[in-house]
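Q: sequence below, structure please.
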Amino acid sequence: MPSVLPPACLRRNIGSIRPHWHSCLPMWSQADMKLTRNQKSWCWIAIWMIVAGASAETPGADGSFPIQPHQAQYRVLRGGKEIGLLKAELSQRADGLWHYRIESETTAWYLRVLGISTTESTWFDWRGGTILPLTYHHVSREPGSDRYWQHRFDWTAGVSQTRTHEGSLEIPLQPGTLDPLSLRLAASAAIHAQADDDRVGLQGLERPVLERDKIEPQQYLWQDQESIRIDNRCYATQRFRRERKPGSSRNYDAWHAAELGWLPVRLRHDDDGKAIVLELTSIQSPHYQLPPPGACTPADGED
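A: Residues are numbered from 1 along each chain as shown. Coordinates of the predicted model:
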């Protein structure tokens with residue numbers, strides 16, 4: 001895993017990746033960005049649930065990135081009632097760089113009128129069997145708690161050039177550092193590699209993750225094997241637990257399906273006594289297809 005890389009190692013042209021500094025969004029000036037730490041929204045929680053779902057240390061069988069390009073959509077339920085949608089898209093540029101983007105969309109009227117939304121995106125390279133993040137951008141908008149930040153990973157200097165609603169700073173990078181969104185892909189890639197290695201078995205991973213203004217060690221650990229049903233479709237899944245830190249509001253459980261390249265099909269988080277659940281409703285990709293409708297068989301077991 002890289003700590004400091006010589007310039008020659010950054011062989012891809014990242015100059016064409018447009019910086020998403022907040023100054024590019026004049027309608028949301030920095031003066032208007034006020035942080036209210038105690039206020040949370042469903043989309044903020046949902047984003048954090050989905051982003052920490054695949055940097056694997058073992059590449060695909062041919063050395064390529066094991067997660068295929070796709071577009072996926074999840075419904076967001078709180079207390080059993082739908083309140084929004086979350087859309088995720090993974091794509092690859094012609095020069096080989098990868099782009100991953102997640103955005104929320106409210107469907108409950110009382111949330112839509114508040115203008116609540118969250119968008120995250122990351123550019124990264126897949127090198128030597130691991131994810132190398134290049135840029136990360138986050139914008140979260142909710143009444144009284146709008147915030148943004150962007151990291152530009154300078155692996156040559158070993159620092160992140162970071163800009164937030166509270167100012168700019170440099171953050172020293174640790175070997176193997178990921179951003180919150182590339183952690184999501186790293187977990188799925190790690191599960192993909194471990195599922196194909198009988199000597200290792202499913203374990204998960206632990207990696208340093210660059211949050212808004214500091215690096216935190218985070219875990220994504222295997223819990224159990226379960227068959228679950230979503231929209232009358234049966235999935236053979238492995239359940240993992242994402243632990244940011246004890247008592248964190250962003251800890252959650254994730255069910256990853258073998259049928260879909262170990263992408264998560266369900267995520268669950270408890271918020272103020274009510275469960276927030278994300279469930280996969282559709283996926284568009286020549287590489288992945290939803291299983292046909294049908295209840296889980298007794299041999300499969302069922303959640």
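Q: name the helices or strands packed onto the longest strand anywhere in the chain?
A: Secondary structure of the chain per DSSP state E: the longest strand is strand 215-230. When contacts are defined as 3 or more C-beta pairs under 8 Å, 6 or more residues apart in numbering; DSSP states H and E, strand 215-230 sits against helix 180-195, strand 204-210, strand 233-243, strand 252-257, strand 263-271, strand 274-284. Every C-beta, even on glycine, is put in place using the N, C-alpha and C of the backbone.
Q: tell me the strands beside the shortest one, with direction?
A: By that I understand strand 252-257. strand 233-243 (antiparallel), strand 263-271 (antiparallel) (DSSP bridges).
Q: now do it: distance to the chain's middle.
A: Relative to its chain's centre, strand 252-257 lies at 12 Å (C-alpha atoms, centre = their mean, to the nearest Å).
Q: could you do the third one as well?
A: Counting by C-alpha atoms, centre = their mean, strand 233-243 is centred 15 Å from the centre of its parent chain.
Q: give the buried residues for it.
A: R233, C234, Y235, A236, T237, Q238, R239, F240, R242, E243 (16 or more other C-beta atoms under 10 Å).
Q: which one among those residues gets closest to I116?
A: Closest approach between the buried residues of strand 233-243 and I116, by C-beta to C-beta: R242, at 22.7 Å.
Q: next, format the buried residues of strand 233-243 as TSV and append distance to H137.
A: Shown next, in TSV, are the buried residues of strand 233-243 (distance: C-beta to C-beta, whole Å):
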residue	distance to H137
R233	33
C234	37
Y235	31
A236	35
T237	30
Q238	30
R239	30
F240	26
R242	21
E243	25
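Q: quick one on the thing from earlier: what lines up beside the longest strand of the chain in the sheet?
A: Next to strand 215-230 in the sheet, as set by DSSP bridges, lie strand 204-210 (antiparallel), strand 233-243 (antiparallel).
Q: so where's the stretch 201-303 of the chain shaky on pLDDT?
A: Applying pLDDT under 70 to the stretch 201-303 of the chain picks out residues 297-303.
Q: 90 instead?
A: 201-205, 221, 242-251, 259, 269-274, 294-303 (pLDDT under 90).
Q: swap in the stretch 1-150 of the chain?
A: Along the stretch 1-150 of the chain, segments meeting pLDDT under 90 span 1-63, 79, 104-118, 128-129, 140-147.
Q: what about the strands in it?
A: Here the stretch 1-150 of the chain has its strands, by DSSP state E, counting those that start in this stretch, at 70-78, 81-92, 98-106, 117-127, 130-141, 147-154.
Q: in a markdown table: the ones you listed, plus distance to L260 and mean neighbour count.
A: Putting the strands of the stretch 1-150 of the chain into a markdown table (distance: least, C-beta to C-beta, whole Å; neighbours: other C-beta atoms under 10 Å) gives the following:
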| stretch | distance to L260 | mean neighbour count |
| --- | --- | --- |
| strand 70-78 | 9 | 20 |
| strand 81-92 | 12 | 17 |
| strand 98-106 | 16 | 20 |
| strand 117-127 | 19 | 22 |
| strand 130-141 | 19 | 23 |
| strand 147-154 | 29 | 22 |
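Q: may I see the ones you listed organised as CSV, with distance to Q161 added?
A: Listed next are the strands of the stretch 1-150 of the chain as CSV, based on distance: least, C-beta to C-beta, whole Å:
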stretch, distance to Q161
strand 70-78, 30
strand 81-92, 24
strand 98-106, 19
strand 117-127, 14
strand 130-141, 10
strand 147-154, 4
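Q: among the ones you listed, which comes closest to I215?
A: Closest to I215 of those is strand 147-154 (C-beta to C-beta; 10.5 Å).
Q: what packs against the closest one?
A: Helices and strands touching strand 147-154, by 3+ C-beta pairs under 8 Å, 6+ apart, are strand 130-141, strand 159-164.
Q: give the rounded mean pLDDT of the helix or strand that the shortest one is followed by.
A: Read that as strand 159-164. Downstream of strand 159-164, the first helix or strand assigned by DSSP states H and E is strand 167-172. Strand 167-172 carries an average pLDDT of 96.
Q: so what does strand 167-172 touch, helix or strand wise?
A: Judged by 3+ C-beta pairs under 8 Å, 6+ apart, the packing partners of strand 167-172 are strand 159-164.
Q: strand partners (parallel or antiparallel) of the strand it packs on?
A: For strand 159-164, using DSSP bridges, the partner strands are strand 147-154 (antiparallel), strand 167-172 (antiparallel).
Q: reformat those strands as JSON lines; add distance to H269.
A: Below are the strands paired with strand 159-164 laid out as JSON lines (distance: least, C-beta to C-beta, whole Å):
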{"stretch": "strand 147-154", "distance to H269": "20"}
{"stretch": "strand 167-172", "distance to H269": "27"}
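Q: among these, which is nearest E279?
A: Among the strands paired with strand 159-164, strand 147-154 comes nearest to E279, with 27.2 Å by C-beta to C-beta.
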